[in-house]
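>>> coords below, sequence missing:
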């Protein structure tokens, strides 16, 4: 079983279609809503963690794109510069998914990219700018323009 974090952007003409329902019903994919920003009659943005077999995930993503949903795979979009990180823990205070945690035995910050939803809060919190990459809150406008 695989897992992928995705940003889905629904424009106003598809926002009220039962697209998410079909993910679970027709594609045997389990989803977890990590973040949602819905602007009625404008746009909807969801960050989902999709889990399932690779072929089911691929079929699901193809379906979403066919329905005109902007899909961006988020896994590995945020990276940490190991040489720059001073393990101060500032990023762990803002990380809602425990992708950044302090190992209590070593007192070092551990980064788990598989848990990261690319919200970008760690980039804002890091005093030495060790975190980089595309984030939803900071960079999503650029993603929407590219799609």
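Structure received. Because the structure is predicted, anything quoted here is derived from the model rather than measured.

>>> Map the structural domains onto the sequence of the chain.
2-73, 78-139 (automatic domain parsing).

>>> where does the shortest one sit relative to the chain's centre, distance-wise?
Averaged C-alpha coordinates place domain 78-139 at 14 Å from its chain's average position (Cα atoms, centre = their mean, to the nearest Å).

>>> Quick one: mean pLDDT over it.
The average pLDDT for domain 78-139 rounds to 88.

>>> Just put the domains of the chain in CSV and tack on mean neighbour count.
No exception for glycine: its C-beta is placed from N, CA and C like everyone else's. CSV is the format used below for those (neighbours: other Cβ atoms under 10 Å):
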stretch, mean neighbour count
domain 2-73, 16
domain 78-139, 17
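
>>> quick one: residue 122 and residue 77 touch, right?
No: using Cβ atoms under 8 Å, residue 122 makes no contact with residue 77, being 11.7 Å away.

>>> show me the biggest helix of the protein in terms of residues.
helix 54-66 (DSSP state H).

>>> show me what contacts residue 130?
Applying Cβ atoms under 8 Å, 6 or more residues apart in numbering to residue 130 gives the contacts 80, 81, 82, 84, 85, 86.

>>> Strands - which of these land there?
The strands, defined by DSSP state E, take in residue 80 from the contacts of residue 130.

>>> Can you add distance to residue 111 and give the contacts of residue 130 back as CSV?
Converted to CSV, these look like this (distance: Cβ to Cβ, whole Å):
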residue, distance to residue 111
80, 5
81, 11
82, 9
84, 12
85, 8
86, 14
